[in-house]
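Novice: Sequence and computational prediction follow.
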Amino acid sequence: MAMAKIIPLLLVLVPIRMAAARTDCPNVPLLGAVAACQKACGTKLMYDLCIRMMRQGGADMSPSHKERATAYAILAAHSAANSFDDTKLAASNQLSHNSSLSGKQRDAYEGCMNDYAPADSSIDRIADETLPSCRFTGLADEYTRVINSVEKCRDRLLTPTLVKTPLYPMVVADRNKAVLANMLGKLLGI
Ligand SMILES: *[C@@H]1O[C@H](CO)[C@@H](O)[C@H](O)[C@H]1NC(C)=O
């Protein structure tokens, strides 16, 4: 029953189109999706996540197809943003419909909703403004703000009981997506 409310939310993930494929910032490398993942990711965990995210986001995976690195960074930021939205929805559903949440759980979930607010606004700004406009000033700090905010929520859940809540794995996944978005962002030379 614990996952009953959570799983349907994961299914609403809409594939992200390569809407930003036309983004053509000067001095940004042109490369294939697989090459972008290889270049950005230092671990197999991150590489596999990167490939999955590219596929889910509708990136053309063929070796001959190349995009500006900006397009991949935008795709990753949108993917992270969608994932954050699912997590927030899961947390708010629990808060409003689950009367068996303990006081500690309630506090942690509410804390996480607050932590996610700056993560959300920063990732949206990255995806919708900073990257598409090719003005990368402050971008590194913005990624850091996203990651730190999600990690703040993750750290709230690091107690023997709260790690077992359905929210915890969602937050860990969000954190990895935020880190991946940042790694792909680094291909822009920020
Ligand atoms: C409500 O919260 C309790 C305590 O975390 C959990 O065990 C239960 O699975 C939750 N119910 C639903 C429907 O998510």
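Specialist: Done, it's in. Just so it is clear, the model here is predicted, and its values are computed rather than measured.
Novice: can we go C-alpha only for contacts and neighbour counts from here?
Specialist: OK.
Novice: Check which element follows the helix or strand hosting residue 147 along the chain.
Specialist: Applying DSSP states H and E as the criterion places residue 147 in helix 139-156. Sequence order places helix 167-185 as the next helix or strand after helix 139-156, per DSSP H and E.
Novice: Could you name the helices and strands sitting against that following helix?
Specialist: Judged by 3 or more Cα pairs under 8 Å, 6 or more residues apart in numbering; DSSP states H and E, the packing partners of helix 167-185 are helix 33-40, helix 44-56, helix 69-97, helix 139-156.
Novice: Just put the ones you listed in JSON lines and tack on distance to the ligand.
Specialist: Listed next are the helices and strands packed on helix 167-185 as JSON lines, based on distance: least, Cα to the nearest ligand atom, whole Å:
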{"stretch": "helix 33-40", "distance to the ligand": "35"}
{"stretch": "helix 44-56", "distance to the ligand": "27"}
{"stretch": "helix 69-97", "distance to the ligand": "6"}
{"stretch": "helix 139-156", "distance to the ligand": "15"}
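Novice: related to what we said a few turns ago, relative to helix 167-185, how tilted is the helix holding residue 147?
Specialist: Angle, helix 139-156 to helix 167-185, by axes from the mean of the first three to the mean of the last three Cα atoms, to 10 degrees: 160 degrees.
Novice: Run through the residues that contact the residue nearest the centre of the chain.
Specialist: Nearest to the mean C-alpha position of the chain, by Cα atoms, centre = their mean, lies residue 80 at 1.8 Å. Counting by Cα atoms under 8 Å, 6 or more residues apart in numbering, residue 80 touches 123, 174, 177, 178, 181.
Novice: Quick one: neighbours of residue 148, just the number.
Specialist: 18 (other Cα atoms under 10 Å).
Novice: Over to residue 30?
Specialist: So residue 30, with other Cα under 10 Å, has 16 neighbours.
Novice: what's across from it in the sheet?
Specialist: residue 68 (DSSP bridges).
Novice: pretty sure it is touching residue 72, no?
Specialist: No. Proximity of residue 30 to residue 72 does not meet the contact threshold set by Cα atoms under 8 Å, at 10.3 Å.
Novice: returning to that earlier point: which one of the contacts of residue 80 is nearest to residue 131?
Specialist: Distance to residue 131, by Cα to Cα, is smallest for residue 123 among the contacts of residue 80, at 10.5 Å.
Novice: My guess is the closest one contacts residue 143. True?
Specialist: Yes. Taking Cα under 8 Å as the definition, residue 123 is a contact partner of residue 143 at 7.4 Å.
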